[in-house]
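1. Okay, sequence plus prediction incoming.
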Amino acid sequence: MVGRAGFFHSRQDVKKERFQTITVGLTGGIGSGKTDVCKIFELLGARVLYADLVARDLINSHSDIQKKIRKVFGENVFLSNGTLDRKQIAKLAFHDSALHEKLNAIVHPHVLRMIEQEIATEKESGHNPILIVEAALLFEAGADHLFDYVVVVDADEGKRIERVIRRDGCSREDVVARINSQMLVKEKVLKADFVLQNSGDRNALKEKCTFMFQLLRRIATSG
C-alpha cells in the first residue's frame, strides 16, 4: 500500500490493533544493505519511510528547493522534464565537500519536517507496531533524536564497495568518494542502539531482522 505522500509502504495483512508505535531510525554506510534490511522488515509487518524518496519527492515538487539548488549547482543538474538529475548532482556533491554541505543545508530541513510529521501521525494513530525511517545521513542530519531506537547496518568495506559498483555501474573512485563524504561507520556504530552485521547471505540477514522485529514488536504491544 502506498500512503498519502507516495513514499510509505506496508503489508496489507497487518492486524489492526492499537500499538504503542516504536520508531526506528535505520542507517549505515553506502552498500551496507540498508534497503535489503528495510524490505525484510516490511515483509514482517513494519512500515518503512525512505528519507531518500521523501527528499526526491520534495525536490521535484517544491519550487523554493529547486530555486536554491539551481543557484548553487546551475541549470544542468535538472533534466529537461524539470526533475533533478541525481547522477549529475551526486557527481558534483560527492567530490566537493563544500557543495555537499550546501546541498544538505537546502534539503535536510524540509525532509526532517516531513519525517517529524509522519512520526507524529503514526504514533497518534497507533495502527502499526513499528515505523522505520531509512536515512543514509541520519546522524549527519542530526535526526537521531527523533527515534526511540537507532539501527546501524554494517558490512565489510570491500563488500560494500563491490555491491555499489555492481548496483550502480559506477567506478571504484566514485564509491570511495561517496564513502568519504559520510560519517565513518565506526562512529555510527558507537552511536547505535542496535547493529546489524550484513556481510553474510540473505538468510542470515533475515534471521537477524526477524529477531529484532519480534523484540521491537513485543515492546510495542506492552503498552
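-> It's in. Numbers count the residues shown, from 1 in each chain.

2. Show me what the mean pLDDT comes to for the helix or strand residue 213 falls within.
-> In the assignment (DSSP states H and E), residue 213 maps to helix 202-221. Across helix 202-221, the average pLDDT comes to 92.

3. And for stretch 63-73?
-> For stretch 63-73, the per-residue pLDDT averages 94.

4. Okay, buried residues for it please.
-> 65-66, 68-69, 72-73 (16 or more other C-beta atoms under 10 Å). From N, CA and C alone the C-beta is placed, and that goes for glycine too.

5. all helices of this structure, in order?
-> Secondary structure of the chain (DSSP state H): helices at 34-44, 51-61, 63-73, 86-93, 97-125, 157-168, 172-180, 185-191, 202-221.

6. With distance to residue 143 added, can I get the ones you listed in JSON lines?
-> Below are the helices of the chain laid out as JSON lines (distance: least, C-beta to C-beta, whole Å):
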{"stretch": "helix 34-44", "distance to residue 143": "15"}
{"stretch": "helix 51-61", "distance to residue 143": "8"}
{"stretch": "helix 63-73", "distance to residue 143": "18"}
{"stretch": "helix 86-93", "distance to residue 143": "19"}
{"stretch": "helix 97-125", "distance to residue 143": "6"}
{"stretch": "helix 157-168", "distance to residue 143": "22"}
{"stretch": "helix 172-180", "distance to residue 143": "19"}
{"stretch": "helix 185-191", "distance to residue 143": "12"}
{"stretch": "helix 202-221", "distance to residue 143": "19"}
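
7. right, so of the ones you listed, which gets closest to residue 26?
-> helix 34-44 (6.2 Å; C-beta to C-beta).

8. Could you tell me how many residues sit around residue 60?
-> 14 (other C-beta atoms under 10 Å).

9. Please give me every residue in contact with it.
-> 82-84 (C-beta atoms under 8 Å, 6 or more residues apart in numbering).

10. coming back round to it: I'd like to check the angle between the helix holding residue 213 and helix 34-44, please.
-> For helix 202-221 against helix 34-44, the angle by axes from the mean of the first three to the mean of the last three C-alpha atoms, to 10 degrees is 60 degrees.

11. Mind giving me the packing neighbours of helix 202-221?
-> Counting contacts by 3 or more C-beta pairs under 8 Å, 6 or more residues apart in numbering; DSSP states H and E, helix 202-221 packs against strand 22-28, helix 34-44, strand 130-134, strand 194-197.

12. Phi, psi for residue 155 please.
-> phi -160, psi 160 (degrees, to the nearest 10).

13. tally of neighbours for it?
-> 21.

14. so where's the protein uncertain?
-> 1-17, 223 (pLDDT under 70).

15. give me that answer again for 80
-> 1-19, 222-223 (pLDDT under 80).

16. and the closest residue to residue 209 other than its chain neighbours, what is it in contact with?
-> Counting by C-beta to C-beta, 6 or more residues apart in numbering, residue 209 lies nearest to residue 40, which is 4.3 Å off, once chain neighbours are set aside. Contacts for residue 40 were tallied using C-beta under 8 Å, 6+ apart; they are 205-206, 209-210.

17. What residues sit buried inside the helix holding residue 213?
-> Buried residues in helix 202-221 (16+ other C-beta under 10 Å): 205, 208-209, 212-213, 216-217, 220.

18. same deal with stretch 168-185?
-> Residues of stretch 168-185 classed as buried by neighbour count (16+ other C-beta under 10 Å): 170, 174-175, 177-179, 181-182, 185.
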